[in-house]
Structures are given as structure tokens and as C-alpha cells.
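Student: sharing a model that was predicted from the sequence below.
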Amino acid sequence: MPTVVLLGTLDTKGAEYDFVRERLLELGCGVIVVDAGVMGQTRYPVDVAADEVAVAAGADRPRLAAANDRGAAMAAMCEGAARIVARLHVEGRLDGILALGGSGAATLASAAMRGLPVGVPKLIVSTMASGDTRPYVGESDIAMLYPVVDIAGVNRVSAQILDNAAAAIAGMAAAYERRTQDPGPASRPLIAATMFGVTTPCVTVAKERLEALGYEVLVFHATGGGGRAMEALIRSGAIDGVLDVTTTELADEVGGGVLSAGPDRLEAAGAAGIPQVVSVGALDMINFGPLETIPERYRARTLHVHNASVTLMRTTPGENAQLGRLIARKLNQARGPVGVFIPTGGVSMIDAPGQPFHDPEADRALFDALRADLRAEVDVVELPVNINDPGFGSAMADRLHELMVASDQRGAAVTSGSA
């Protein structure tokens, strides 16, 4: 029997949670109701009381309620709920989690859900689902469902939405329980790779090579969210090695583009000590939206309209030198093995002779700064080809395989003979 955790504030949403609880029981699920309501008053069944949630955060619920400080109370109950939910998962008592409500409920639930591993079913039914969901979803696999009407009682509309939500989380929880009970054969070592449209040929070749060598490859689209998701998975311990072909998100961080993955990009693998092979893919460009959205100070720069929604700006020699130093500084801090590959024939599909971003001087500034600042122990391979030359992707993949085996990062599971 799969177990679904219902997390919410039963002091204000008790009837709605009880409706979903009854539906889940009818669907054959076990249910654990966690009440994070600061008032702690409900007439509905609860398995983990609000007082216990507050204690998990080192707080006292009655005092939180008496203080009449909603922000402080919410922070404490969020922390406590996250700890309770994490404990239930570790104990094997959570196959799925569901929450209902508005912005407060979404904030509370998402804080707890983001601490759970990828693959654990997570669903929030919230009026916030029709707007910007990034503050709640972040880089996790949280699903959000818009309830059409407010979560304010059970009526002919909300009953249908809540019934669907119960059926959805019940189905996902059952599937998750089956996976955990029968995980199947030992999984292959997991590699994270980064790709952009203009580095797709390189990553495709590298991915095929790594798969032939016995790895499973996850490809992340380097659009800001992709880089953040990859770094989060690395930090969680789910990734065994990294093929960071496309470090373009750093260009957006430096140049103020719209696809930055934040200042911590390219740091998780080094901190985790896992093997990584890194290149300079698509560092010839900074991303913006439609042409009319380009900041005025950049209007005289070399621009390329990729499509109606995306305009690319060519990085300058100065920006590229800054990027080279930045990458070197991040890689110099790595605790694990690092390989760096430099394609002297261009860093993207449009950085080649006859293409709009072909600029050998700017590329040279990037390469020179990177070489100059990398510590001597970092292996640097230069190939006189464009990054999308088939040999470049294969060489990167082979080097990562060598580092994986040498560092024993699940290297025993793969052999060079499997190719």
C-alpha cells in the first residue's frame, strides 16, 4: 500500500484536506496527515500535530501563535515541516506528498518538497499555479495544479479538482512504491552533460560515446534553469561524473544576460570531488529576449537574432578574458579530477569561418586567460577544430571515462572494452 503524506494548515483548510484524505483511502492509499497550522486547532484527523511540527524546528507553537508574527511563525513551521517530511521519507513512510492552498501553503509545502529526492511524487494544488511558479518549483520536480476556484471549501468545482489531485498523487505514489520495492538491475554510472542548440552536435557524439562505454547520460539544456538543476543534482549526490561541454550560462552571469544559472555555476562537481571534463561551449554569446529588449548600452554590439524570442550578443575579448579567469578560478578549487578541452576552431556552431560570431581574437582572449590561470595539475587538451567536430566530442567523452575509472567513481561498472 503506497503512503501519501498530506501536508498543510488544517486550522484553515481542514475540510479540504479531509476530503482528499477520504478519497485517498478509497483509492487504497495509506495517509499521513501533517498539520503545520500555527493555530493548531482542527476537528479533523491528524497524524502529526502542529505542536510536533513546531518542536521539530525548536519552537513552541502556542508561543508562535501568541506572538502574532506571521512571518516568524511561517518560517518556523516551514522548517519543522521540512524536517518531519524528510524523516518520513527516510523511514520509508512517504511514497508521495500533496498540499493544498494559496501562497502560504505553496511556500510551506515547496520548502519541504524541495528537500526530497528527484522522483518522489510531489504535487501542490494552489491558486499560485497560474502565475510564476519558479519560487515554489525551483529546480525540483514539483508538479502544480491550478484549482480554478480558491481553496475555500468543497464545492462542485473544487470537489472535481481535489478528486483529480487525489487520483494523480495516488497513481504516482503507487508507481513510486513499485520502483522502490523492485529497483531492477544495478543502474549504470550517471553522467551529467550540458548542451545548447549551438553545441548539440558535440554533445550528441559525446553522449553516444559515453553510452557505448556503459554510462547513462542526463543532458541539461544550459538555459539557466538547466544549469541550476544539474548543480542541484550533483550536490544531492546523484551524479557520478560531469561532461560540462556548454558553460555558456557563465557568459550570461558576467554580461547580464537572461540565462544565468547564478554565481555558483561550475562549482558543485568540484566541491563533490567527482570527475569533470569541461569545455567553453557557447561562451561566444550572451542571451537576451526579442531584439527590442536589448539594453540600450548593447545596441551597437554584434547581435544575432536567433529567433523571434531570442537575440544573441557576441562576447568581447575583454568579457572572454574575464570568463577564462572565472572558469580557471572555479576549476582550481575542485577536489576531484578535472580535464579541460579547448576547441581552437571555435566554441559554437556560429563561431566558425563565415558565421556571424566568428571572432578569433575574442576566442584567443578566452583561451589565453584560461590557460594562464589554471593550476598546473589540471589537464588541458587543445584541438584545432570547432567544438562541433565529431572528434572533439569523442575525445571529451573518452577523457571523462579515463578519469572515472582512475578515480574509481563507479568506474568498475564500466570497461573500455564495452565500446
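Tutor: Nice, thanks for sending it over.

Student: going forward, measure contacts and count neighbours with C-alpha atoms only.
Tutor: Noted.

Student: for stretch 17-33, what is the average pLDDT?
Tutor: For stretch 17-33, mean pLDDT is 97.

Student: I should have written stretch 86-94 there, sorry.
Tutor: Rounded mean pLDDT across stretch 86-94 is 96.

Student: so Ala166 is in contact with Phe19, correct?
Tutor: No: contact criterion C-alpha atoms under 8 Å: Ala166 and Phe19 do not qualify, at 9.3 Å.

Student: show me what contacts the residue sitting nearest the centre point of the chain?
Tutor: The centroid of the chain falls nearest to Ala229 when counting by C-alpha atoms, centre = their mean (1.6 Å). By C-alpha atoms under 8 Å, 6 or more residues apart in numbering, the residues touching Ala229 are 139-140, 220.

Student: just send the residues you listed back as JSON lines, with neighbour count too.
Tutor: As requested, the contacts of Ala229 are exported to JSON lines (neighbours: other C-alpha atoms under 10 Å):
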{"residue": "Glu139", "neighbour count": "19"}
{"residue": "Ser140", "neighbour count": "21"}
{"residue": "Phe220", "neighbour count": "20"}
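
Student: inside strands: which ones of those?
Tutor: Phe220 (DSSP state E).

Student: packing partners for the longest helix belonging to the chain?
Tutor: If you go by DSSP state H, the chain has its longest helix at helix 158-181. The contact analysis (3 or more C-alpha pairs under 8 Å, 6 or more residues apart in numbering; DSSP states H and E) places helix 158-181 against strand 3-8, helix 10-26, strand 96-101, strand 122-126.

Student: mean neighbour count and distance to Asp351 added to those, as CSV?
Tutor: Output for these, formatted as CSV (neighbours: other C-alpha atoms under 10 Å; distance: least, C-alpha to C-alpha, whole Å):
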stretch, mean neighbour count, distance to Asp351
strand 3-8, 26, 51
helix 10-26, 19, 55
strand 96-101, 27, 47
strand 122-126, 26, 42
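
Student: pull the residues that contact whatever helix or strand Ala111 lives in.
Tutor: Assigned by DSSP states H and E, Ala111 belongs to helix 103-113. By C-alpha under 8 Å, 6+ apart, the surrounding residues in contact with helix 103-113 are 7-9, 74, 77-79, 81-83, 85-86, 97, 99-100, 122, 124, 126-128, 136-137, 142.

Student: can you do 6 Å?
Tutor: Outside helix 103-113, the residues that touch it by C-alpha atoms under 6 Å, 6 or more residues apart in numbering are 78, 82, 136.

Student: now those in a markdown table, with secondary structure and neighbour count?
Tutor: Putting these into a markdown table (DSSP: H, G, I helix; E, B strand; the rest coil; neighbours: other C-alpha atoms under 10 Å) gives the following:
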| residue | secondary structure | neighbour count |
| --- | --- | --- |
| Cys78 | helix | 24 |
| Ala82 | helix | 25 |
| Tyr136 | helix | 23 |
